[in-house]
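> Sequence plus the predicted model coming up.
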Amino acid sequence: TIEYNDSNAKFTFENSELICRVIDGKYPNYEAVIPKENPNKLSIDRTQFLNSVRRVSIFSNKTTHQIRLKIAGAELNISAEDIDYSNKAEERLTCDYQGDD
């Protein structure tokens, strides 16, 4: 089932319900930014990655909620920083990565 109004859309499935806020605006051309042919491949344990992102994101800026992912060899560095409150966090995970750092 799909329901919507001027500000929200609701998708109901058998066991799930997804509610989204409708945003009206101009979006950048994402196809120009994201390459179609990407030779880089990263494999990592999903649960380990999500738990690390959740822990690090506590220290991210409360407005932007940005975190940084840096890949170097077989290591993924996840970090966040809130300069306003002098908070920062960093975690390193091992991963399987083929591509440029």
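Good, I have the coordinates. Numbers count the residues shown, from 1 in each chain.
> contacts and neighbour counts: CA atoms only from here.
Will do.
> Tally up the residues packed near the spatially closest residue to residue 45 that is not a sequence neighbour, please.
Distances taken as Cα to Cα, 6 or more residues apart in numbering place residue 95 nearest to residue 45, at 7.9 Å, with adjacent residues excluded. Number of residues near residue 95 (other Cα atoms under 10 Å) recorded here: 17.
> For residue 95, which residues are in contact?
Contacts here follow Cα atoms under 8 Å, 6 or more residues apart in numbering; on that basis residue 95 touches 42, 43, 44, 45, 74, 75, 76.
> ok, and the most crowded of those?
Taking other Cα under 10 Å to define a neighbour, the member of the contacts of residue 95 with the most is residue 76, carrying 21 neighbours.
> Point out the other helices and strands that the strand or helix carrying that residue packs with.
Using DSSP states H and E, the element containing residue 76 is strand 75-82. Secondary-structure packing of strand 75-82 (3 or more Cα pairs under 8 Å, 6 or more residues apart in numbering; DSSP states H and E): helix 46-57, strand 68-72, strand 87-94.
> how far does the first one sit from the chain's center?
The reference is to helix 46-57. A distance of 10 Å separates the C-alpha centroid of helix 46-57 from that of its chain, computed with Cα atoms, centre = their mean, to the nearest Å.
> Just the buried positions in that helix, please.
49, 52, 53, 55, 56, 57 (16 or more other Cα atoms under 10 Å).
> how big is the angle separating it from strand 75-82?
Angle, helix 46-57 to strand 75-82, by axes from the mean of the first three to the mean of the last three Cα atoms, to 10 degrees: 30 degrees.
> pLDDT averaged over helix 46-57 - what is it?
Mean pLDDT, helix 46-57: 96.
> what angle separates it from strand 68-72?
Counting by the same axes, to 10 degrees, helix 46-57 lies at 130 degrees to strand 68-72.
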